[in-house]
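Participant: just a sequence and a predicted model for now, questions to come.
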Amino acid sequence: MKHDCIFLLADGHMEQTFKGFLSRNDYHRKLDTRPFTFDIIVDRQNADSGVYVRGHEFLRQYHRTHQHAIAVLDQMWEGAPATEAIQATMKNNLTRNGWQAETVEIIVIQPELEVWLWQDAPYMAEILRFNHQPHDSLKQWLEAQGHWHPTDSKPARPKEAFEAIQRASKRPFSGATCSMIAQKISIKKCQDTAFFLLRDTLQRWFPAHGGQQ
């Protein structure tokens, strides 16, 4: 019997984020899907550009063992095409290598994965083990540092915000940190277009009610 889904991810931080979220007992209820089986593979050498150029090679063998495939990559690399061009090229390559068009999706995060992880929530400072005093919250500290506009729902440059905290706290921002945030994060607060595509795709493939489509 085939597994439901294979995820091809661009790096270890992505891997830990997906594992952190999908390890939650309620992950399918948060996504409004049925429970589904999955495996994760990672391009650990060439990251985003590698997934773009060789994603079809990584995923070629899995069309025999998995019903669906999702490739996830950031758009923040030198020479990256537009999102639509990345998706069209990769889908074309995948369909030429054994996959059906309706069984694959390409998620391009703009600019980077960190945009999914940022939320204005008390657990962020706890997980990052960051003392934001004299400010009342981590958001206020980042506002004071020029990394978060008061009217925005998250920092405009989320990776730089994490890096600012890392410099101030002298603690690394690791894959384990991504996993811990993913275990806590509220997807209802995530307004990112790429995340919506991921959620909607999983809901279409693995509907909470009725048969699989």
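Facilitator: Perfect, I can see it now. This one's a predicted model, so the numbers in the text were calculated from it and none came from an experiment. Residues are numbered from 1 along each chain as shown.
Participant: can you show me the helices along this protein?
Facilitator: In the chain, the segments counted as helices under DSSP state H are 12-22, 27-31, 47-59, 83-95, 114-117, 122-128, 138-144, 158-169, 175-184, 193-205.
Participant: which stretches of the chain aren't confidently modelled?
Facilitator: Scanning the chain for pLDDT under 70 picks out 210-213.
Participant: how does it divide up, domain by domain?
Facilitator: 3-112+190-205, 115-179 (automatic domain parsing).
Participant: how about a markdown table for these, with mean neighbour count added?
Facilitator: In this view, the C-beta of every residue, glycine as well, is placed from N, C-alpha and C. Shown next, in a markdown table, are the domains of the chain (neighbours: other C-beta atoms under 10 Å):
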| stretch | mean neighbour count |
| --- | --- |
| domain 3-112+190-205 | 18 |
| domain 115-179 | 16 |
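Participant: now render the helices of the chain as a markdown table, adding distance to His68.
Facilitator: Below are the helices of the chain laid out as a markdown table (distance: least, C-beta to C-beta, whole Å):
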| stretch | distance to His68 |
| --- | --- |
| helix 12-22 | 14 |
| helix 27-31 | 14 |
| helix 47-59 | 11 |
| helix 83-95 | 11 |
| helix 114-117 | 20 |
| helix 122-128 | 31 |
| helix 138-144 | 37 |
| helix 158-169 | 28 |
| helix 175-184 | 21 |
| helix 193-205 | 5 |
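Participant: to Met1, which of these lies closest?
Facilitator: Nearest to Met1, of all those, is helix 193-205, at 16.0 Å by C-beta to C-beta.
Participant: for the longest strand along the chain, C-alpha coordinates in CSV please.
Facilitator: The single longest strand within the chain, with elements called by DSSP state E, is strand 66-74. Provided in CSV are the C-alpha atoms of strand 66-74 (Å, rounded to 0.1, in the frame of the first residue of the first chain):
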residue,chain,number,x,y,z
HIS,A,66,3.5,7.5,-2.3
GLN,A,67,0.2,8.9,-3.6
HIS,A,68,1.2,12.6,-3.4
ALA,A,69,4.3,14.7,-3.3
ILE,A,70,4.9,18.2,-2.0
ALA,A,71,8.2,20.1,-2.5
VAL,A,72,8.9,23.1,-0.3
LEU,A,73,11.6,25.7,-0.8
ASP,A,74,12.3,29.4,0.0
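Participant: just use 48 as the starting number from now, easier for me
Facilitator: All right, first residue 48 from here; so that's strand 113-121.
Participant: what lines up beside that strand in the sheet?
Facilitator: Looking at strand 113-121 with DSSP bridges, its partner strands are strand 50-56 (parallel), strand 151-156 (parallel).
Participant: pipe those strands into a markdown table and attach distance to Ala215 per row.
Facilitator: Shown next, in a markdown table, are the strands paired with strand 113-121 (distance: least, C-beta to C-beta, whole Å):
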| stretch | distance to Ala215 |
| --- | --- |
| strand 50-56 | 29 |
| strand 151-156 | 25 |
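Participant: for Ile154, which non-adjacent residue is closest in space?
Facilitator: Nearest residue to Ile154 in three dimensions, chain neighbours excluded: Val119, at 4.4 Å (C-beta to C-beta, 6 or more residues apart in numbering).
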